[in-house]
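Enquirer: sequence and predicted structure, then a few things I'm wondering about:
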Amino acid sequence: MASTKERAWLEDYLTRFNATESARQVGYKWPNKLGPRLKQKFAKEIEQRIDERTLSADEALSMLSDIATGDMGDVIKLDHGLILVDWEGLEEKGLTHLVKKYKHTKQGIEVELYPRDAALVNILKHISTATGKEDDPIHITTEKRVDRITELFDRARTNRARATNS
């Protein structure tokens, strides 16, 4: 069972990913020794917590696909020259992740969406990487696309875990 101080170290470590500095922040006398020891002790929990925070390849591809194909026509209304956004409608339809930012202006609320073209470019980059043919990214099965994107995310997750264990 972990002590309160060890739990504080773990939470700090998961924000800065520096075992020694986290040990120093929570008040250990010998952070250079205890930081790496705590990192080893909590290695499995660290990995689990990182995995919980990491998007799966399917989730990332789904979000890019939503951005590239998302339609907000049902939740945007024109009223006497004003464009109105039904935020509750966005939430009900699960479309709030399409909104990059919004701000209040003198004319009303300004809504900026994530750019559709950038999402398409990112999807095509992953597809072309999977085929090795940058000039022919479309002629590949969906299964191969997902496999390649999954491979990229797995590699990133492995690299992050290696950096954590260093």
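Expert: Cool, got the structure. Residues are numbered from 1 along each chain as shown.
Enquirer: next secondary structure after the helix or strand that residue 35 is a member of?
Expert: Assigned by DSSP states H and E, residue 35 belongs to helix 31-41. Later in the chain than helix 31-41, the nearest helix or strand by DSSP H and E is helix 43-53.
Enquirer: any buried residues in that following helix, and which?
Expert: residue 46 (16 or more other CB atoms under 10 Å). For every residue, glycine as well, the C-beta is placed using N, CA and C.
Enquirer: centre of the chain to the next helix or strand after that helix, how far?
Expert: Downstream of helix 43-53, the first helix or strand assigned by DSSP H and E is helix 57-69. With CA atoms, centre = their mean, to the nearest Å as the basis, helix 57-69 stands 11 Å off its chain's centre.
Enquirer: let me see the mean pLDDT of helix 57-69.
Expert: For helix 57-69, mean pLDDT rounds to 77.
Enquirer: I'd like to know which elements it is packed against.
Expert: helix 116-131, helix 142-165 (3 or more CB pairs under 8 Å, 6 or more residues apart in numbering; DSSP states H and E).
Enquirer: I'd like the C-alpha coordinates of the helix holding residue 35 written as CSV, please.
Expert: Output of helix 31-41 as CSV, limited to C-alpha atoms (Å, rounded to 0.1, in the frame of the first residue of the first chain):
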residue,chain,number,x,y,z
PRO,A,31,15.2,12.8,-4.4
ASN,A,32,18.0,11.6,-6.6
LYS,A,33,17.8,8.1,-5.0
LEU,A,34,14.1,7.9,-4.2
GLY,A,35,12.7,9.3,-7.4
PRO,A,36,14.0,6.4,-9.6
ARG,A,37,13.1,3.9,-6.9
LEU,A,38,9.5,5.1,-6.8
LYS,A,39,9.4,5.1,-10.6
GLN,A,40,10.3,1.4,-10.5
LYS,A,41,7.9,0.7,-7.7
